[in-house]
Structure formats: structure tokens, C-alpha cells
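Asks: Sequence first, predicted coordinates after that:
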Amino acid sequence: MRMTIRALRDSDGTTNAYGRPGAAVRRRRQASPGGARRSGGRRAVRPASLGGRPSTARPGALPVVRFARVASHGGATRTACRPQGSASANGRLLRRPRLLIVGCGDVGMRVLRKLAPRLADGRLAVHAVTRDESRQSVARALGAQTLALDLDARQAPSRLAGLARRAVYLAPTPPDGEDDPRLGRVIAACASSCSATGKPARWAWVGSTGVYGDCQGLEVDETHTIAPTTKRARRRAAAELRLRAAARRGALYATILRAPGIYGQDRLPVERLRQGLPALSPADDTYTNHIHADDLASICWIALFRGRPGRVVNAVDNTRLKMGDWFDRVADTFALPRPERLQRELLAGRVSPQMLSFMNESRLLSNRRLLRELRVQLRWPTVDAALAAVLESRRRSTGRPLDQFANTDSAPTDAESRS
């Protein structure tokens, strides 16, 4: 009865039975000059550039909403709305990708500097884990959020759960033992967030080429059986096993980057040359492998998107050089005396045990996967290219102290990063 009375009341066409504008009202609106367009009985704002009224919205007001009819399932139509113009700033911040960097040593800070433009314009959010206060301040200045975590504490890594789906892991292994329990705790934290979201994390994990052991100077690739001889290398091999086990469980997918001795224009063995430490004789000398710190930072970022889950990649450059020849070229670049060459038996008491362990291993590593699968373009393909840049920089800055170009020795991967 009410429906009949309401329908009779609205028979003049001003409204229909559902209280919406009737046919007469719609005809008058369409016929009115300069009238606003209608869609589904709702008002749509016409841009000022098309003759509409200019916007009078106050700063901070909600965005103008435009309505449009779109097709839906079954042939029917529905009214959809979207904000006029670009998405709000808050929406962009919520949708931007997030990256976790565990271990902000030299390479970790270089990763941050490379991502600084993305941080500045809000395209990326980065959480950096480091306990060094000076690096925390630099990371915050670059736009990252920092966390001072002790990865050896049992519950501390749980704070990393759910922070980001992509991570670059650069933290060193513990100084003792033959395992990496701190990596296991971080993996457990990521596995808990994966079980909640159902999406495995993507990692770029930097290990060491020391897991190959001594290859007698032969060229080997990633399929070569590992044979670690030092405790440091065995800890790295155990860490790789942890990552592969996590991949089998579906907790995370990691690209394993085996890095050799890391160098840079500001981390060359100049101090060692000044101390007059000897090197091996040409007959006993061993092949060594290199990667520039800037190139390794780029490789870490690229591996997050182009790396295959569980794939091992040798992160090395194109250099084919023995260790003694490497020291000679650095000495020539900085006008220092070349090191004395000694036989292995006489050298043992003149260098540190860690350096002697490097001299006892000789191998040439293939970087075919790095160049073909990850499609990395090395900025410094050989150490000669990097040393030539150092020499050119010295020529352009006559009178500049030498220590500003090289003040630290190149260090292995295990000593490179500190969390």
C-alpha cells in the first residue's frame, strides 16, 4: 500500500519509486545550458579546462571524486569512483616497496648511497640494521630507518619479522665455531612473517669464495664442489646450507653471492706496502680474485630482482692476476716500493695467519653467471681500470695527501661488514 501511494505521489516525474531523480528532472538537467554532467544520478565535477568552475577546495581537503559507469560481470553496469589526479601521498607511502639491509659495513653503506634517489622521492623504504652510531646517523641522513640490533641476542632478530619482503644480508659470521647461528635466528624471524603472509622473502646474501678452498690455480665455476679449509670458510659453507634448507621449506628465496677480496679506491693495501711486508715469490704465488665495493653493492640490488632462488653466483670481476702482481700494481700506482718476494717457507713468519691462509689458496673463478644471468655491467671490470682511475685522480689533484686516496687494506668478505 505504501509503495502504491509513493508511486502515485511521484507520478509527476520529479522522483521515482526509489527516491531518485525521475525522468523529468533528468531531462531538465540535460537540457539546461552549462549544466553539469550526470552519471547515475550523481554529480561529476567538470574540469576548469573544459569550461567547468575552478576548484575552490581548501588545502588539506579531500580529493575530488569522479564517478563513471563501468561494465561489470553479467553485462550489467555499476558506478565506480576514483580520486581526481594522482594518488594521495599517504597511499604512495603505504604501497612503496621496502628493503631490509642487515649489516651496514662499507658495502652496506654503498648500497644505501646508490638507493638514495629512490629514498628521497619516496619510491623505496629501507630499514638498516647497524649498531655503529656514526653509520646510523649517515643512514638516517640518506632517508633510511635504522635498527640497533645485537644479532647474537636470542630474541633481537624477531624485531625484523615483517619489515620487508626483500633483504640484503651482509652481516659477518660469528668469530668462533663452524656455524652461523645468528643467520639462523634471522631466517626464523623471516619464516614467521612468511607463514603469516604466504609470500616468501627474497634475499641477496653475500658469502665468500673461500668455500672453494685451494683449487691449485684452476678456473672453476659455481658447480665446483666446495672444500673449505679454514674455520671462517666452514662457517660460510654452513650458512649456505641454512639458506638452502630455508628455501626448501618455502621460508625465503636467496641468491647466494660468493664474493672474493673486496677493494675500492679508498680500501687498497697501501698501508701493507708502507710496512714493507713481503709477498710470495713468482714460483709460489697464487691466483686471487677481486670485486670492487661499488660493483658488489650494485650486484646485491640487481640480485634481488634477477637472481634465481637458491642460485649461487660468483661475484667476481674479470681480473686474472696473482697476489704478488696485485701488490706490485698498487705499489706502482702510489709510487711505493714493490714488496719483497720470498718463498713460502720464509714468508710464514712475516705475515699474519689470516693473510697466510689467503696465500695458501689459489683459484680462478668464472663470472659467467654474473654477466649472463644477472646481466651485470661492471663499472670496474678489472683492477687495472680502478687503479687507472686512482692515478688520474692523483694527477688532477696535485699535492693532495696520499692517505685521502687509500688508507685501508682490502679485506675479505668476513671482515668487511659489521652489524
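Replies: Ah, there it is. Numbers count the residues shown, from 1 in each chain.
Asks: show me where pLDDT drops low in the stretch 251-400 of the chain?
Replies: 398-400 (pLDDT under 70).
Asks: What segments of it are strands?
Replies: 252-259, 261-263, 279-280, 287-288, 290-292, 312-314, 321-322, 341-342, 364-365 (DSSP state E, counting those that start in this stretch).
Asks: Equivalent analysis for the stretch 51-200 of the chain, please.
Replies: 65-71, 77-83, 98-102, 125-129, 145-147, 166-169.
Asks: Mind pulling the model confidence for residue 50?
Replies: As predicted, residue 50 sits at a pLDDT of 46.
Asks: swap that for residue 157, sorry
Replies: pLDDT for residue 157: 86.
Asks: Tell me how many other residues surround residue 175.
Replies: If you count neighbours by other Cβ atoms under 10 Å, residue 175 ends up with 9. Every C-beta, even on glycine, is put in place using the N, C-alpha and C of the backbone.
Asks: Roughly how far does it sit from residue 358?
Replies: Here residue 175 is placed at a distance of 17 Å from residue 358 (Cβ to Cβ, to the nearest Å).
Asks: One more: residue 203?
Replies: Between residue 203 and residue 358 the computed distance is 27 Å (Cβ to Cβ).
Asks: more crowded one of these two?
Replies: Per other Cβ under 10 Å, whichever of residue 203 and residue 358 has more neighbours is residue 203, with 28 against 18.
Asks: surely the more buried one meets residue 251?
Replies: No - here residue 203 does not reach residue 251: they are 10.2 Å apart, not a contact under Cβ atoms under 8 Å.
Asks: list the buried ones in stretch 137-150?
Replies: 138-139, 142-144, 146-147, 149 (16 or more other Cβ atoms under 10 Å).
Asks: Actually, stretch 233-244.
Replies: Neighbour count says stretch 233-244 has 233-240, 242-243 buried, by 16+ other Cβ under 10 Å.
Asks: contacting residues around stretch 173-183?
Replies: 151-152, 157, 169, 171, 231-232, 234-236, 238-239, 242-243, 414 (Cβ atoms under 8 Å, 6 or more residues apart in numbering).
Asks: can you list the weak-confidence ranges in the stretch 51-200 of the chain?
Replies: Counting by pLDDT under 70, the stretch 51-200 of the chain contains low-confidence ranges at 51-95, 194-198.
Asks: Do you have the helices of it handy? List them.
Replies: Ranges of helices in the stretch 51-200 of the chain, per DSSP state H, counting those that start in this stretch, are 89-95, 106-114, 116-120, 133-141, 181-197.
Asks: Tell me which of those sits nearest to residue 263.
Replies: helix 106-114 (10.5 Å; Cβ to Cβ).
Asks: packing partners for the closest one?
Replies: If contacts are counted by 3 or more Cβ pairs under 8 Å, 6 or more residues apart in numbering; DSSP states H and E, helix 106-114 sits against strand 98-102, strand 125-129, helix 133-141, helix 293-306.
Asks: which one of those lies closest to residue 330?
Replies: Closest among those, once you apply Cβ to Cβ, is helix 293-306, at 15.4 Å.
Asks: That closest one to helix 106-114, inter-axis angle?
Replies: 70 degrees (axes from the mean of the first three to the mean of the last three Cα atoms, to 10 degrees).
Asks: CA atoms only for helix 293-306 - export them in CSV, please.
Replies: C-alpha atoms of helix 293-306 as CSV (Å, rounded to 0.1, in the frame of the first residue of the first chain):
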residue,chain,number,x,y,z
ALA,A,293,82.9,-2.5,-3.5
ASP,A,294,80.7,-0.3,-5.7
ASP,A,295,80.1,-3.2,-8.1
LEU,A,296,79.3,-5.5,-5.2
ALA,A,297,76.7,-3.0,-4.0
SER,A,298,75.1,-2.9,-7.4
ILE,A,299,75.2,-6.7,-7.7
CYS,A,300,73.3,-7.0,-4.3
TRP,A,301,70.5,-4.8,-5.6
ILE,A,302,70.3,-6.5,-9.0
ALA,A,303,70.2,-10.0,-7.5
LEU,A,304,67.0,-9.2,-5.6
PHE,A,305,65.1,-9.0,-8.9
ARG,A,306,67.1,-11.0,-11.4
